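> Pasted the sequence and its predicted model underneath.
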Amino acid sequence: LTAGAGGDNFSHSSNSMIFTVEIDLTDKGVSNWTQVARTVFQYLEMLRQYPRGGLPAYLHEERKQIAQMSFQFMQEKDPSDLVIDLSERMLPI
């Protein structure tokens, strides 16, 4: 299971984002794909029920720690590739 904002530079900008969920299923999971999809949508609906900014603090803390580790262990990019990537992210979609 993976979820998050698209990794390409065309699915998000400074003011919008496309959220994706990808699930690799076993043979049993494929035969029960409707239950898997129902469970994903139930979880998303549960998240929508929280008041704005009211998600449990541990979710923010986990995300913060992951972002810090990603930054700390980030592989260096060619400077010109970095400029292209950053400028594409600033484009409105």
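Cool, got the structure.
> part of a strand, is Gly54?
No - read with DSSP: H, G, I helix; E, B strand; the rest coil, Gly54 is coil and lies in no strand.
> Local confidence estimate at it?
With respect to pLDDT, Gly54 scores 79.
> Measure how buried it is and give me the count.
Neighbour count of Gly54, defined by other CB atoms under 10 Å: 8. C-betas here are computed from N, CA, C, even on glycine.
> Return the residues in contact with it.
Going by CB atoms under 8 Å, 6 or more residues apart in numbering, Gly54 touches no other residue.
> wait, is Pro64 part of a helix?
I think there's a mix-up here, since residue 64 is Lys and not Pro. Yes - Lys64: assigned to a helix according to three-state DSSP.
> Neighbours of it, how many?
10.
> which intervals of the chain have sub-threshold pLDDT?
Along the chain, the model assigns pLDDT under 70 to residues 1-17, 53, 93.
> Let me see the ranges of the strands in it.
With DSSP state E as the criterion, the chain has strands at 2-5, 19-22.
> how many neighbours does Glu88 have?
Glu88: 13 neighbours (other CB under 10 Å).
> How about Gln75?
4.
> and if you look at Arg48?
For Arg48, using other CB under 10 Å, the count is 7.
> Could you do Lys28 as well?
Lys28 has 7 neighbouring residues, counting by other CB under 10 Å.
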